[in-house]
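Asks: quick one, what's the 3D model for this:
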Amino acid sequence: MTGPLFSAIGGMSEMISVVIPTRNRPQAVESCLDALAAQTLPPGSFEVIVVDDGSKPPLSLDCSRWATKFDLKLVSQHNTGPAGARNRGVAEARGEFLAFTDDDCRPRSDWLSALRSIHGGHEDRLVGGRVENGLPADCFASASQALCDYLLDYFRAAEGRAPYFTSNNIGMSLAAFKRLGGFDESFGRVAAEDRDFGLRWGENGGKLVYAAHAVIEHYHAMTFGEYWRQHSNYGAGKHYLHKLMEVRQARRPRLESFGFYSGLVLWPIRKNGFRRADLSILMALSQVAMVSGYLEAVWEERR
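Replies: Presented below is the predicted three-dimensional model:
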């Protein structure tokens, strides 16, 4: 059953457009493009659009380096944040199927074929793939990924119950993306635009389908300060998201139970034993940072 924004069935032979927002990470984006060049899909069956969101100095790429595998388009703009950069990339897209990843990600060789296969031409499907931490020795990157893994498990993503997917590994039809209005650019640099996108997709009758075989590896090194800011930004983004949901009269997510938070803290130990108790501590701190960011956003708004 499809909602008003979605047609029942689309095509399977359409071209794919891959959109990558980037800012101040030239080496990372080149590694991402190298990984895309190893895709199992035939050369020329997909294009890649890199949106330089205000890098200093501006990003420069030798497009001929990947020309035998895919057409590459580099678009530059003033810094608007990831939502605006992704929307700009879609505005340049020629494909009927969209795939999004980030500059610090390296898709595995069958990533695109897996996303498209699970989508199956169904316009009402938002497909989210699996993200794996590419830096297992980095405790902050490991904790951040463990949190995402816990949420997928808790919300039973494999059963189609995930409320959203992270935007570094998603795919959907171009037509459905445009009818939904794309990512909400009013989030700016405050994190939560991907959560908002997934919630709006579901509110309009769409399905969120988990694709465990569509894998990217995430290489996001962090210090403690960067880890804290990341989750503080998530908290600020959550506050802004709640405001938007009130405006559109959408049902706000319920407060999670004590079992949710105890399960979150114990998740690394359940998966890896007490040798990864450090991740449990960091995951607990992530929630403190989120609350801090949420309350700070509330305070700033009242001021």
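Asks: give me the sheet partners of the longest strand along the chain and which way each runs.
Replies: Counting residues, the longest strand found in the chain (DSSP state E) is strand 207-218. According to DSSP bridges, strand 207-218 forms sheet pairs with strand 105-107 (antiparallel), strand 125-133 (parallel).
Asks: buried residues in that strand, which are they?
Replies: 207-211, 214-218 (16 or more other CB atoms under 10 Å). Quick note: C-beta positions are derived from backbone N, CA and C, even for glycine.
Asks: now, which of the residues you listed sits nearest residue 238?
Replies: residue 208 (18.7 Å; CB to CB).
Asks: what about residue 196, helix or strand, and which?
Replies: helix 193-203 (DSSP states H and E).
Asks: what average pLDDT does that helix get?
Replies: If you average the pLDDT over helix 193-203, you get 95.
Asks: give me the contacts around that helix.
Replies: With contact meaning CB atoms under 8 Å, 6 or more residues apart in numbering, helix 193-203 is reached by 81-83, 126, 162-167, 170, 172, 180-181, 183-185, 187, 208, 237-238, 241, 244-245, 250.
Asks: buried ones among the residues you listed?
Replies: Among the contacts of helix 193-203, those buried by neighbour count (16+ other CB under 10 Å) are 81-83, 126, 162, 164-167, 170, 172, 180, 183-185, 187, 208, 237-238, 241, 244-245, 250.
Asks: just these: which are in strands?
Replies: Under the assignment DSSP E, the buried ones among the contacts of helix 193-203 contribute 126, 170, 172, 208 to strands.
Asks: what I need now is those written out in a markdown table, including pLDDT for each item.
Replies: Below are these laid out as a markdown table (pLDDT from 0 to 100):
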| residue | pLDDT |
| --- | --- |
| 126 | 98 |
| 170 | 98 |
| 172 | 97 |
| 208 | 97 |
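Asks: just curious, which of those residues is nearest to residue 279?
Replies: residue 170 (25.3 Å).
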